[in-house]
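Engineer: quick one, what's the 3D model for this:
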Amino acid sequence: MHILIYSYNYHPEPIGIAPLMTELAEGLVKRGHQVRVITGMPNYPQRQIYDEYQGKWYVTEEKNGVTIQRSYLRIKSKPNLVDRLLLELSFVITSLPQALKGQRPDVILLTVPPLLVSLPASLLGWLYNCPVVLNVQDILPEAAVRMGLIKNKLIIRAFETIEKFAYRTAHTISVIADGFMDNLVNKGVPAHKITCIPNWVNLNFISPLSKENNSWKSTHQLDGKFVVMYSGNIALTQGLETVVAAASHLRHIQEIAFVIAGESQALAGLQKYCLTCGADNVLLLPLQPREKLPEMLAAADVGLIVQKRNVISFNMPSKIPLLLASGRPIVASVPAAGTAAQAIGQSSGGFVVTPESPEALANAVLDLYANPALAAQLGYEARKFAVKNYSFEQALDRYEKLFADVVAKGASTLDMLSELNS
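Structural biologist: Next comes the predicted model:
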């Protein structure tokens, strides 16, 4: 098949959907498919175009057999709502000419967010007469409304209209968690149109490495420490202040150290909060290079998942498969009714505690610190669950089958129409 992936984020961006779409595209190429990726100039998480791509409108590259067609983005480092809208619009407008330059695809995979990209993807599906598979990573505009990013009722209604358009025009919708499926069905999307394919982890890349002789741990002066780690995106859905406050509750135990790795701008605010709370047991680090990720996760004794209490069925942290695969117990400060809690509960690889409760988070960490056997058992269950449910090969099989099915259905529909016309 010739597969067109429409993804705002892609390599070399280190976190979020970019590594996943890169692995998917390259995995499909290894299985003999042609893959073309339409994406923006790399900018995440700094929200600044990477140096080698600045001042360029279009760039076409090839990496590991994947053709990558990049286009200009209008981006601000500290975006307000208007800036975010202009960013999405700039990608919608500039990406379309790139998408039209190339062989007709058999199927289009579109990742959202951003939501507005459903417009050019639907147009391409119509022009090329090929099915569009909508891959929903976060449910918008619900996430933005719940987080208070969008308050204007007219804008909310406009985005809800685009959301309905995206669901209606997509041939198939792939979601990353069962809770997403329930959310969309409640919005009137036919259940037969939705399939659940969880995000994955490369189990060879992330594995339960030994905590001993860990150079990353030594470099950051964490030898002999019980390390509680959060690494990844720091956004409004998380509320990392809960982690800092929990750390302050445990600062009397010198062996316990908290590590938060994230983008530099977000860390600046957390640094002030650490000083306010007296949390001198928190180490704040910039996002680490991807090649350091296995060793960094292995340095942890506990991995953290953090969400605010109103994050229910529209967000699923992509770091969950990574933490499970690392074989470390998880403490998830997340809503009990949410998709993240469901995944942790099914894995038997960690605790779910009350969100936005520093006391609950601190007590769970203390339980694992005091009970190494329990921590080891949870870590074992976590890795076992990841191997069974989140392997890359399993996800690749499911995407390949999905694409083959929708292409076959499209071909059979064309045959029927041809017979009716003849």
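Engineer: tell me if Thr242 really is in a helix.
Structural biologist: Yes - the assignment for Thr242 (DSSP: H, G, I helix; E, B strand; the rest coil) places it in a helix.
Engineer: burial count for it?
Structural biologist: By the measure other CB atoms under 10 Å, the count of residues near Thr242 is 24. C-betas here are computed from N, CA, C, even on glycine.
Engineer: same question for Ile150.
Structural biologist: Neighbours of Ile150 (other CB under 10 Å): 20.
Engineer: is it in contact with Pro141, as I believe?
Structural biologist: Yes - counting by CB atoms under 8 Å, Ile150 touches Pro141, with 5.9 Å between them.
Engineer: identify the contacts common to these two.
Structural biologist: Ile156, Phe159 (CB atoms under 8 Å, 6 or more residues apart in numbering).
Engineer: which parts of stretch 128-139 are buried?
Structural biologist: Across stretch 128-139, burial judged by 16 or more other CB atoms under 10 Å covers Tyr128, Cys130, Pro131, Val132, Val133, Leu134, Asn135, Val136, Gln137, Asp138, Ile139.
Engineer: only alpha carbons, please: show that stretch as CSV.
Structural biologist: These are the backbone C-alpha positions of stretch 128-139, laid out as CSV (Å, rounded to 0.1, in the frame of the first residue of the first chain):
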residue,chain,number,x,y,z
TYR,A,128,-7.8,11.1,-4.2
ASN,A,129,-11.0,9.0,-3.6
CYS,A,130,-9.3,7.2,-0.8
PRO,A,131,-10.3,6.5,2.8
VAL,A,132,-9.2,8.7,5.7
VAL,A,133,-8.4,7.0,9.1
LEU,A,134,-8.7,9.5,11.9
ASN,A,135,-6.3,8.7,14.8
VAL,A,136,-7.5,10.5,17.9
GLN,A,137,-4.8,11.1,20.5
ASP,A,138,-6.7,13.7,22.5
ILE,A,139,-10.4,14.6,22.2
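Engineer: flag every buried residue along stretch 78-94.
Structural biologist: With burial defined by 16+ other CB under 10 Å, the residues of stretch 78-94 counted as buried are Arg84, Leu85, Leu86, Leu87, Glu88, Ser90, Phe91, Val92, Thr94.
Engineer: ok, so of those residues, who is nearest Ala18?
Structural biologist: Minimum distance to Ala18 across the buried residues of stretch 78-94 is 14.2 Å, recorded for Phe91 (CB to CB).
Engineer: secondary structure element for the closest one?
Structural biologist: helix 81-100 (DSSP states H and E).
Engineer: what packs against that helix?
Structural biologist: strand 2-6, strand 34-40, strand 58-63, strand 66-71, helix 118-128 (3 or more CB pairs under 8 Å, 6 or more residues apart in numbering; DSSP states H and E).
Engineer: repeat that with 7 Å
Structural biologist: Counting contacts by 3 or more CB pairs under 7 Å, 6 or more residues apart in numbering; DSSP states H and E, helix 81-100 packs against strand 34-40, strand 66-71, helix 118-128.
Engineer: where along the stretch 101-250 of the chain do the helices fall?
Structural biologist: Along the stretch 101-250 of the chain, counting by DSSP state H, counting those that start in this stretch, helices occupy 118-128, 142-146, 153-169, 178-186, 215-219, 241-249.
Engineer: any idea which of those helices scores lowest on pLDDT?
Structural biologist: Mean pLDDT is lowest for helix 142-146 among those, at a mean of 75.
Engineer: gap between that helix and the chain center?
Structural biologist: 16 Å (CA atoms, centre = their mean, to the nearest Å).
Engineer: repeat that for stretch 143-161.
Structural biologist: From the chain centre to the centre of stretch 143-161 is a distance of 21 Å (CA atoms, centre = their mean).
Engineer: using PDB, write out the CA atom coordinates for that stretch.
Structural biologist: Provided in PDB are the C-alpha atoms of stretch 143-161 (Å, rounded to 0.1, in the frame of the first residue of the first chain):
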ATOM      1  CA  ALA A 143      -9.800  18.900  26.500                       C
ATOM      2  CA  ALA A 144      -9.300  22.600  25.800                       C
ATOM      3  CA  VAL A 145     -12.700  23.500  27.300                       C
ATOM      4  CA  ARG A 146     -12.200  21.500  30.400                       C
ATOM      5  CA  MET A 147      -8.700  23.000  30.900                       C
ATOM      6  CA  GLY A 148     -10.000  26.500  30.500                       C
ATOM      7  CA  LEU A 149      -8.000  27.200  27.300                       C
ATOM      8  CA  ILE A 150     -11.200  28.000  25.400                       C
ATOM      9  CA  LYS A 151     -14.100  29.900  27.100                       C
ATOM     10  CA  ASN A 152     -15.700  31.800  24.200                       C
ATOM     11  CA  LYS A 153     -19.000  30.000  23.400                       C
ATOM     12  CA  LEU A 154     -18.900  30.900  19.700                       C
ATOM     13  CA  ILE A 155     -15.400  29.400  19.400                       C
ATOM     14  CA  ILE A 156     -16.400  26.300  21.300                       C
ATOM     15  CA  ARG A 157     -19.400  25.800  19.000                       C
ATOM     16  CA  ALA A 158     -17.200  26.300  15.900                       C
ATOM     17  CA  PHE A 159     -14.700  23.700  17.100                       C
ATOM     18  CA  GLU A 160     -17.500  21.300  18.000                       C
ATOM     19  CA  THR A 161     -18.800  21.600  14.500                       C
END
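Engineer: how is the chain carved up into domains?
Structural biologist: As assigned by automatic domain parsing, the chain contains the domains 2-200+391-421, 215-389.
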